[in-house]
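S.K.: Give me the fold of what follows.
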Amino acid sequence: MSTVLPAELIRKILLYKPDVRDIVRWRTVSKWFRAITYDDLLWRALYTDSPFPRPPGPSSSQSRASLERMLVKSAQLAQSWTTRPLREVSSVKIKLGRPFAVMPTKLISGRWLVGCEEARRFVLHDVNLCAKTHAHKVLWEQDGPTVSAWVVRSVSPVAGQSIVYVLLLETTEMEHKWKLFEFLLNDESGEIYDSTIIDPPAWASSVLPRVELQGGKSRFLFIPAEDSIARGIVYDTRTGRFYVLPKLRAEELQSFPQKWLRAAHLVPFRTEFTDTHIISLDCRYDWSHGDTTLIQIFTIPPDVSSVQEGKPILYLTHRGFLDSSLLNVGIMKPCVDPITGATSITLVDHSSSLSGFKIICRDLMLPKPSGLGVSEMTIHDRPAIGIQIAGGYTKFTCLVDVCDETQVRGLYWGRREGKSVDPNENQHVLKFAIDMRRDPWSVTYSQIGPAECYEALALKEGVFWRSVFDGLRGILRYVDPVSEDEIVVVAIE
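M.R.: Next comes the predicted model:
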């Protein structure tokens, strides 16, 4: 009688293994196990059910090897993030030229760096942290006027693919023009499937935007700009349509709380997005009466004929007030109640000081729109999560990233002056993670220790202040503070 278990039964057993690294190790048991652990359907199921934060997937364009590599990395990062001091795994330097080319660079899917050369040529660099060589290819080259300013964002409508958007501002002696370039990128191979020039409609082309492109984690992009009715332009990447994000009108202030009537103190803070909502945050700073934040929720208008001064206007559905200011906001995926139709959106805000950091989460409860006007939202503050650090630091910074619906990851860096002749002993890094699957949310953190394996931190204290942190993939990206013409990409854990 055969003692070999059916392959289908073995696959089901492997699906109960929370750590995929054990499955990789089982390949050494026998040829039979080796063949099973290379099964494509197995890894797609493992990726779908993984308990660890991970990049979007799986999709038909993602290979088994790619899914396996991302899952192993995610498991390793989840295990080491709150159990070990910060460690540099690998790093890459990409030289791009003068600071014009360096500052607006964008790292896509933790691997592809978009940069600009000579104010005319856009280049895609492969910064694969496991490779010895780093190829690059030209995305697009300008034939006409030189590019006076540019910025990059990307969205991922399908796992394994990114749409890269480059906002260009062209300057001639007569005028300023702006436009969007769109590139469809395969995250695994770097292949460019398609590229398109998106010229703004006539009403939008007359608005001179700030060279800023917000968004990237949803279908919407936001271009801050000012004219008679707009505080900016929203681009819907699914439909290819442009909309106006309207200014707050003076007559609207009359229905606001008394301390909002002095509109001169109103400061547009930022705009956040989900795939269904545009969230406008305006802060009013007042030392005597306390700070306040106006939160307005917009959606795509149900009627395409909704226009003002010939411009399509976003539809205001909800409004609410927060008796404090916001500092550094992230956003979680909204949840819709299937019975009431109400929507819940969670804002994640953090603040830090020389003695530690604090995470504040607020749930925005949006009743189902009635269609009869603006509805009032309910704002629920969750208990703050914080850590007090007695390090005697004189400088500090805190980097936080909302990885997905399950976890927030962050880094707290503190520096002391002259406490030790060893520069590594004068600065420490604390890694922390917040598990959002529990109620209340819980925080775990690593041992506070010197960044002895991270030479860049010991030699260049400006690194953290100028860093972009990808907590999902464990990557820091920053401009080399010495040369100022190189981008450094560092894998950490």
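S.K.: where does the stretch 151-300 of the chain have low pLDDT?
M.R.: Residues of the stretch 151-300 of the chain that meet the criterion pLDDT under 70 lie in 157, 172-174, 208, 226-228, 249-266, 286-289.
S.K.: What of the stretch 1-150 of the chain?
M.R.: Checking the stretch 1-150 of the chain against pLDDT under 70 turns up 1-4, 17-18, 97-104, 119, 144-148.
S.K.: the strands in it, which residues?
M.R.: 88-95, 106-108, 112-117, 121-126, 136-141, 147-155 (DSSP state E, counting those that start in this stretch).
S.K.: Where does the prediction get shaky in the stretch 301-450 of the chain?
M.R.: In the stretch 301-450 of the chain (pLDDT under 70), the answer is 304-305, 390-391, 418-426, 439-440, 447-450.
S.K.: thinking again about what came up before, please identify which of the strands of the stretch 1-150 of the chain is closest to residue 196.
M.R.: Nearest to residue 196, of all the strands of the stretch 1-150 of the chain, is strand 136-141, at 10.5 Å by CB to CB. For the C-beta atoms, the positions are set from N, CA and C on the backbone; glycine is no exception.
S.K.: quick one: the closest one to chain centroid distance?
M.R.: Centre-to-centre, strand 136-141 and its host chain are 24 Å apart (CA atoms, centre = their mean, to the nearest Å).
S.K.: Show residues contacting that strand.
M.R.: Residues outside strand 136-141 that contact it (CB atoms under 8 Å, 6 or more residues apart in numbering) are 114, 120-126, 164, 166, 181, 183, 190, 192, 195.
S.K.: cutoff 7 Å now
M.R.: Applying CB atoms under 7 Å, 6 or more residues apart in numbering, the contact partners of strand 136-141 are 114, 120-126, 181, 183, 192, 195.
S.K.: nearest to residue 69, of these?
M.R.: Distance to residue 69, by CB to CB, is smallest for residue 126 among the contacts of strand 136-141, at 15.2 Å.
S.K.: List the contacts of that closest one.
M.R.: Contacts of residue 126 by CB under 7 Å, 6+ apart are 111-112, 134-136, 190.
S.K.: three-state assignment of the residue nearest the centre of the chain?
M.R.: The structure's the chain has its C-alpha centroid closest to residue 217; by CA atoms, centre = their mean the separation is 6.0 Å. At residue 217 the chain is in coil, as set by DSSP: H, G, I helix; E, B strand; the rest coil.
S.K.: hmm, back to that, can you redo the contacts of residue 126 as a markdown table with neighbour count?
M.R.: A markdown table is the format used below for these (neighbours: other CB atoms under 10 Å):
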| residue | neighbour count |
| --- | --- |
| 111 | 20 |
| 112 | 21 |
| 134 | 15 |
| 135 | 10 |
| 136 | 17 |
| 190 | 18 |
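S.K.: Residue 328 against residue 349, yeah?
M.R.: Yes - the pair formed by residue 328 and residue 349 meets the contact definition of CB atoms under 7 Å, at 6.3 Å.
S.K.: now the helices for the stretch 101-250 of the chain?
M.R.: For the stretch 101-250 of the chain, applying DSSP state H, counting those that start in this stretch gives helices covering 202-205.
S.K.: quick one, longest helix in this structure?
M.R.: With residue count as the measure and DSSP state H as the assignment, the chain has helix 64-80 as its longest helix.
S.K.: got the buried residues for that one?
M.R.: For helix 64-80, the neighbour count (16 or more other CB atoms under 10 Å) marks 64, 66-68, 70-71, 73-78, 80 as buried.
S.K.: burial count for residue 359?
M.R.: Applying other CB atoms under 10 Å, we find 24 other residues in the vicinity of residue 359.
S.K.: Quick check: the gap between the residue lying closest to it once chain neighbours are set aside and residue 436.
M.R.: Once flanking residues are discounted, residue 359 sits nearest to residue 385: 4.5 Å by CB to CB, 6 or more residues apart in numbering. Going from residue 385 to residue 436 by CB to CB, to the nearest Å gives 10 Å.
S.K.: All the strands of the stretch 201-350 of the chain, residue numbers only.
M.R.: Secondary structure of the stretch 201-350 of the chain by DSSP E, counting those that start in this stretch: the strands cover 214-215, 220-224, 230-236, 241-246, 266-273, 278-284, 292-299, 307-308, 311-312, 315-322, 329-331, 335-336, 343-353.
S.K.: Kindly compare burial across those strands and name the winner.
M.R.: Burial of the strands of the stretch 201-350 of the chain is given as mean neighbour count (mean count of other CB atoms under 10 Å); strand 220-224 ranks first at a mean of 24.
S.K.: Remind me what that strand packs against, helices and strands.
M.R.: Contacts defined by 3 or more CB pairs under 7 Å, 6 or more residues apart in numbering; DSSP states H and E place strand 220-224 against strand 214-215, strand 230-236.
S.K.: so which of those strands gets nearest residue 481?
M.R.: Of all those, strand 214-215 sits nearest to residue 481, with 25.3 Å by CB to CB.
S.K.: can you list contacts of that closest one?
M.R.: Strand 214-215 is contacted from outside by 153, 221-222, 271, 273, using CB under 7 Å, 6+ apart.
S.K.: Looking at those residues, spot the one nearest residue 231.
M.R.: Looking across those and measuring by CB to CB, the closest to residue 231 is residue 271, at 8.5 Å.
S.K.: wait, the closest one sits on residue 282?
M.R.: No - taking contacts as CB under 7 Å, residue 271 lies outside contact range of residue 282: 9.9 Å.
S.K.: mind giving me a markdown table with the strands of the stretch 1-150 of the chain and columns for distance to residue 52?
M.R.: Compiled in a markdown table, the strands of the stretch 1-150 of the chain are given as follows (distance: least, CB to CB, whole Å):
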| stretch | distance to residue 52 |
| --- | --- |
| strand 88-95 | 17 |
| strand 106-108 | 21 |
| strand 112-117 | 23 |
| strand 121-126 | 26 |
| strand 136-141 | 31 |
| strand 147-155 | 23 |
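S.K.: Indicate which one of those strands is closest to residue 389.
M.R.: Taking these one by one with CB to CB, strand 88-95 is closest: 22.0 Å.
S.K.: before we move on, back to that, for residue 416, find the nearest of the strands of the stretch 1-150 of the chain.
M.R.: Closest to residue 416 of those is strand 88-95 (CB to CB; 21.2 Å).
S.K.: tell me the angle that closest one makes with helix 64-80.
M.R.: If you take axes from the mean of the first three to the mean of the last three CA atoms, to 10 degrees, strand 88-95 sits at 120 degrees to helix 64-80.
S.K.: same for strand 88-95, what does it pack against?
M.R.: Judged by 3+ CB pairs under 7 Å, 6+ apart, the packing partners of strand 88-95 are strand 486-492.
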